[in-house]
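Colleague: Sequence first, then the predicted structure, then my questions.
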Amino acid sequence: MAGRFMGRVPRASPANTSDLRGDGLGEWWAAIAVLAIATVAIVSLTGSSEQTIAITPDHVPDILASLGPATRSLDAVEAAFGSLCQEPVLVALELEPDCETGVMVLSDELFDGYGSAQLGPVAQEDVAAAMTTYLSRLRRLPAIWNSLEAIEIVGHTDPRAVRDPYTTNMVGSQQRALGVLLFLVGPDGLAEPDKIDLQRLALVSGASFSRPPAACPERSRECYPAWRRVVIRPVLSESLRRGDWSRTVEAVRSAAMRAQPETPAQNH
């Protein structure tokens, strides 16, 4: 594996890949506690995607102060994922995760033939090296590791089958995901500390052909290889997902700023 690894030319990545040493999501929960009280009092949902917020000037200092920790925690999570996708070993192995979600995709070509649930011999070394690096890196990113609920391993297939395509491919997609996990926790996979963490965190499932890749969703011979894949995804434990929390923070911030008393300069 070392020879193949050294022979690859890694894609260019930003120079700054330093570890993020923050408080992670700890401050986030404190902010949620403050905002929960304020939000119950000042936020009403209209039944649409819009939020109507009524805030008096007295609320503004406390609300703006509460947004600081939440924003810093949100930034820490996003920066941690951004750092993870720049990890040189993962880039060199061409298994770097998505920069926004931390999702790693094992493509169809890594498996030992069409429809096989087993990784090929060469791919086994690469995937083991990638997962070793992936777990090591996650441990050094507190914004992710401290709130990591699971590492989900999901198999996907294309829709072709002789009989009952959905059921047949559901079994096949689950077998692929399970094959990856059992290899990683088996005798030829990860080192013992990594096995223990993965056994604690891993969740295995199959999606059959119900979630085609966004980049190639057509039912065509050209796209089907991209459909057949295994996705490894870190699952964070926060009750408010990052996208929803971002929108809530921005809505409260905007309402708070609008509620501030106008200055004489603003009146003219």
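Modeller: Good, I have the coordinates. Residues are numbered from 1 along each chain as shown.

Colleague: Restricting to C-alpha, output the helix or strand where Ala129 lies in CSV.
Modeller: Using DSSP states H and E, Ala129 sits within helix 121-139. The C-alpha trace of helix 121-139 is given here as CSV (Å, rounded to 0.1, in the frame of the first residue of the first chain):
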residue,chain,number,x,y,z
PRO,A,121,-7.8,-6.8,-2.5
VAL,A,122,-6.2,-3.5,-3.4
ALA,A,123,-9.2,-1.5,-2.2
GLN,A,124,-9.2,-3.3,1.2
GLU,A,125,-5.8,-1.7,2.0
ASP,A,126,-6.9,1.7,0.8
VAL,A,127,-10.2,1.7,2.7
ALA,A,128,-8.5,0.5,5.9
ALA,A,129,-5.9,3.2,5.6
ALA,A,130,-8.6,5.8,4.9
MET,A,131,-10.7,4.8,7.8
THR,A,132,-7.8,4.7,10.1
THR,A,133,-7.0,8.3,9.1
TYR,A,134,-10.6,9.3,9.2
LEU,A,135,-11.2,8.1,12.7
SER,A,136,-7.9,9.6,13.9
ARG,A,137,-8.8,12.9,12.4
LEU,A,138,-12.3,13.0,13.9
ARG,A,139,-10.8,12.4,17.4
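
Colleague: for the following helix or strand past it, packing partners?
Modeller: Per DSSP H and E, the first helix or strand lying C-terminal to helix 121-139 is helix 142-145. When contacts are defined as 3 or more Cβ pairs under 8 Å, 6 or more residues apart in numbering; DSSP states H and E, helix 142-145 sits against helix 60-84, helix 121-139. From N, CA and C alone the C-beta is placed, and that goes for glycine too.

Colleague: ok, and the closest non-adjacent residue to Leu141?
Modeller: Spatially, and ignoring its direct neighbours in sequence, Leu141 is nearest to Ala80 (4.1 Å; Cβ to Cβ, 6 or more residues apart in numbering).

Colleague: Now do the one you found against Trp145, distance only.
Modeller: Distance from Ala80 to Trp145, counting by Cβ to Cβ, to the nearest Å: 9 Å.

Colleague: Any stretches of the stretch 1-150 of the chain with poor pLDDT?
Modeller: By pLDDT under 70, the low-scoring segments of the stretch 1-150 of the chain are 1-56, 59-60, 63-70.

Colleague: just the stretch 151-268 of the chain next, same as before
Modeller: 238-253, 255-256, 258-268.

Colleague: the more surrounded of Ala80 and Trp145?
Modeller: Ala80 (23 against 16; other Cβ atoms under 10 Å).

Colleague: residues contacting the more buried one?
Modeller: 20, 141-144 (Cβ atoms under 8 Å, 6 or more residues apart in numbering).

Colleague: who wins for most neighbours among the residues you listed?
Modeller: That'd be Ala143 among these, by other Cβ under 10 Å, with 26 neighbours.

Colleague: Which residue ranges make up the domains of this structure?
Modeller: Listed by automatic domain parsing, the domain ranges of the chain are 26-77+242-267, 96-236.

Colleague: and the nearest residue to Gly120 once chain neighbours are set aside, how many neighbours does it have?
Modeller: Nearest residue to Gly120, sequence neighbours excluded (Cβ to Cβ, 6+ apart): Asp112, at 4.4 Å. For Asp112, the neighbour count with other Cβ under 10 Å is 15.
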